[in-house]
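**Student:** A structural model of the following input is requested.
(chains A and B)
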Amino acid sequence: MTNIASTTAASSAAGTPPLSAKVVEPTIFDLSSPGRIGVTMPASDVPETDSPPQHFLRLELPLPEVAEVDVVRHYMHLSKFNYSVDSGYYPLGSCTMKYNPKINEDTCRLPGFLFTHPLQPIETVQGNLALMYQLQEWLKEIAGFAGVTLQPAAGAHGEFTGVLMMRAYHKSRGDTQRTRMLIPDAAHGTNPASVGMMGMTVVTIPSDERGNVDLNALEAACDDTVVGMMLTNPNTLGLFDEHIERVIELVHGCGGLMYGDGANLNALLGIVRPGDLGFDLMHFNLHKTFSVPHGGGGPGVGPVGVAAHLVDFLPEPLVGILEEGEDGWSPVYGFVKPAKSIGRMKAFNGHFGGGFVRSFTYIAMHGPDGLKDIAQYAVLNANYLLAKLRDTYHVPFDRICMHEFVAEGQFEGSDVRALDIAKRLMDYNFHPPTNYFPLIVHEALMIEPTETENKDTLDAFADALIKIAEEAKSQPDLLHNAPSTTLFGRMDEVKAARELVLCCWLPEGYDLNA
Amino acid sequence: MTYIPISPHERDDMLKTIGVKSLDDLFDAIPAKYRFPKLDLPRALTEMEAYAELSELAQANENVRGDLISFLGAGMYNHYIPSVIDHILRRGEFYTAYTPYQPEISQGTLQAIFEYQSLMSALTGMDVSNASHYDGATATAEAVSLAYAQFRGKRKKVIVSPTLHPQYRAVIRTYTQGMEITVEGDDQSLVSNLQSSNLQFSTDSLQSLISEDTCLLILQYPDFFGRVYDYTKLIEASHAKGALVCVVANPTALAMFKTPGEMGADIVVGDGQPLGIPMWYGGPSVGFFTTRKNYVHKMAGRLVGETVDNRGQRAYVLTLTAREQHIKRERATSNICTNQGLLALATAIYLSVLGKSGLKQVANLCYQKAHYAARELSKVKGYKVSSETFFHEFVLECPAPVAEINAHLLDEGILGGYDLSQDYPALKNQMLVAVTEMNSREDIDVFVKILSEVNHD
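**Tutor:** All right, here's what the predicted structure looks like:
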């Protein structure tokens, strides 16, 4: 292997950035210097064993050689290149970028949680199992379901789990002709992708002029080939479907199952339980609703709740009570396998430490009234922003919204686009909203304030967006060239995709143009 | 306790701006009969009470850093985690950021992932790594999707080594339920063969299964029983039939042993937990996924590439996004959206701070201590250890059922090895023992001593 930094001629020929490209922070490989040591391990305290036979051995280990201080400063520099919830307002629609309480960071690192092995005998991990059991129970209660699996690793993984269960349910009833999944045009891309992984067909259902599922189109699509419907409610426009009961009635009427994408559950805590509305199953996003931090892209946590008729199909293992406690003693918790389980979704017990412990802490600290406050204030903040912005930005589906709303980032007679507005917001020190989603709104700006922002922040954000709308008319180049105050400017994304430099290292003889 | 920073007075102002009288008025779209359910949950705790309650739960466990000496591995390992890792992970700039969709203000995450990709490629000997998957098992299942897509669904058979981790095999079967794929290689007859042939891993039996219909062969390295094989010939044989090969590797072992890349593997995946991530009762960890550049367009998951910004600065972006679900929707090969960002960061820091010499030291300590333990155990009457090359895990044949032995060990504060009969019914009395740098000679000697007592019971 060859270090790019040491073979300048080869690297520029291979299409890596021109050497004139300024390097804001070297890579950890650039920082490497032979002989530097970060961490030293203790000497062996056992009599020596011969090395394995030579032909089994690795000759070269091309890892960096850096000291601990090099590592700390490197990552400290990198951290400063990031915008985060801890540093400012992050109204990224559909992602629920709420403030994550610091206590979670301490509870999830308690040694009893950090240093337990997933295959330990259950009698040595009753604390973990009690926590998982309780969290299952709480999620059931919050969303109105009869069973919950904590296993799925993320929202998309939960969807996949749900679709597998829907398939298994129909199959168990001999209903094998069901291969079509109904998905509204406003859905997240993971919905159709989850269905695609199963070899099912996606039937797209349009939205009506108020942002609800188009009932006529739905009715026409419902027949005995329908697996079910995957619905995000409130949907990605931030709107609660005004005919939700009728939608569910139609899907159930043709024998289909109703799947809820719980991405927007933050708006429903203590407000309505999807299970009560008739949803048969739904995934939770603990990393959105229940304050597991997003971690720069993960880990997520995507438990799935199901109604009674689907409990037998849940993935294994679930946590159950093996023996009831008597005379004030705790019960004995352990793993149980549902009768017709679809199987295992990942190795071991789910995202326990980083996920379950944080969400458990969060729910325990909110209680029933606190959870309802979350939803109410998330909805209050969204409607407040909507009220302040609707005269400046066109909102195509304008009615009382839930936790988020979608505006159009375009103005008549201007070539400014949503992307320009998003980038310009960075100059005002805000993270932009989600843009270009949902696909049914042109130049979409999807704004989700969350409940953890105060009125001053919302006012400042609204003022910035109103000012940007003026700039779009008076000085559009300010927007086209934005951001200008950030450490980095717009990226050459075409170059990245064309040259595909995906690591600091190139194996010997590697020809990128081959 | 609340984290809502809005006063009642401000709330009333906001309601006025919206034009409604109360918070409840915002929810008219919700069917009245289901609106505002009374949730049956415990009352809210303050931070002080919550910390106490969580501490109590944590203390109800016996952990392997204070309560128990562990010889349990089987896919998750007790390694030392340098302090520096968690100090960096606790930077709010890293852990409270979202996916880096806005590269101008996400270069910290993007460069960290780019370096993670580089480090994993360097470790596995492969060309490219993605930004990570949920865990080793799901990364392996995604390798199946890659191979299936590579042959456009025309090759429908996946061959799985019977010595691939049982839970990984289970996940592959779950994932492929809806695909027209058959999974072969780990059926009962082959699994039983392991016993009749004294756990001998027969490459011939797998090789004979490979046909023109095979899209992927999956091997583990070291295998589930801890043994190291040179798979070069088997991989060649698989390639001769046109099939791809995925090797599930233990990343610590790769500091010592020849890389699967050198053996010709097309895809190398595994769980990054041994690289600086606590066991955390099973997760979250990180699934690494590396492959040859030819397959990069079929690879699922996020990918970070190098570029420049409009000021001529070297920078990084998510690239080849057209492969992913948010663009391709139902035509995507995978629905994966998140990666394990924060854990990938932990892994990158671990590999950086241990570096070339530190990781070799860890691997060597694991190897030395595991071999010392095996040697000492093989001297005890009634116990047998196979003589095959292994890394830090080995199969110990015991004089009694493993469950009984482990119960006795637990009484003495020792977490025994994995009971193989749980997954391989023919492998009665066989314990999978894991030894890492965390086990002192004294720990090992106590372990041996207690096991020798079991024999005399």
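**Student:** After the biggest helix by length in chain A, which helix or strand is next?
**Tutor:** Criterion DSSP state H: the longest helix present in chain A is helix A:358-389. Counting by DSSP states H and E, the next helix or strand C-terminal to helix A:358-389 is strand A:405-408.
**Student:** That next one pairs with which strands, parallel or anti?
**Tutor:** strand A:444-447 (antiparallel) (DSSP bridges).
**Student:** For the closest residue to B:Gly125 other than its chain neighbours, list the residues it contacts.
**Tutor:** Setting aside the residues directly before and after it, B:Gly125 is nearest to B:Gly261 in space (CB to CB, 6 or more residues apart in numbering or on different chains), at 2.5 Å. Heads up, the C-betas are built off the backbone N, CA and C, glycines and all. B:Gly261 sits next to B:124-126, B:268 when contact means CB atoms under 8 Å, 6 or more residues apart in numbering or on different chains.
**Student:** got a list of what B:Leu89 touches?
**Tutor:** B:95, B:342, B:345-346, B:349.
**Student:** what about the chain, any weak spots by pLDDT?
**Tutor:** Using chain A here. Counting by pLDDT under 70, the ranges of chain A that qualify are A:1-20, A:505-514.
**Student:** my question was about chain B
**Tutor:** Using pLDDT under 70, chain B drops low at B:188-202, B:324, B:327, B:455-457.
**Student:** which residues touch the closest residue to A:Gln126 other than its chain neighbours?
**Tutor:** Computed as CB to CB, 6+ apart, the closest residue to A:Gln126 that is not its neighbour in sequence is B:Ala60, at 5.1 Å. Each residue near B:Ala60 by CB under 8 Å, 6+ apart is listed here: A:112, A:126-127, A:130.
**Student:** ok, and the closest non-adjacent residue to B:Thr389?
**Tutor:** B:Val228 (4.7 Å).
**Student:** Test my guess that that neighbour contacts B:Ala253.
**Tutor:** Yes: counting by CB atoms under 8 Å, B:Val228 does reach B:Ala253; the two are 7.3 Å apart.
**Student:** shared neighbours of those two, anything?
**Tutor:** B:221-222, B:391.
**Student:** So which of those residues belong to strands?
**Tutor:** Those of these mapping onto strands are B:Tyr221, per DSSP state E.
**Student:** Going along the chain, name the strands of the stretch 151-300 of chain A.
**Tutor:** A:180-184, A:201-205, A:226-232, A:257-262, A:281-284 (DSSP state E, counting those that start in this stretch).
**Student:** Might you report the residue contacts of the most centrally placed residue in chain A?
**Tutor:** Nearest to the mean C-alpha position of chain A, counting by CA atoms, centre = their mean, stands A:Gly300 at 5.6 Å. For A:Gly300, the contact set (CB under 8 Å, 6+ apart) comprises A:153-157, A:285-287, A:292, A:351, A:355, B:337-338.
**Student:** Once you drop chain neighbours, what's closest to it?
**Tutor:** A:Ala154 (3.2 Å).
**Student:** pretty sure that neighbour is in contact with B:Tyr134, am I right?
**Tutor:** Yes: judged on CB under 8 Å, A:Ala154 makes contact with B:Tyr134 at a distance of 6.6 Å.
**Student:** what is in contact with those two at once?
**Tutor:** A:Pro299.
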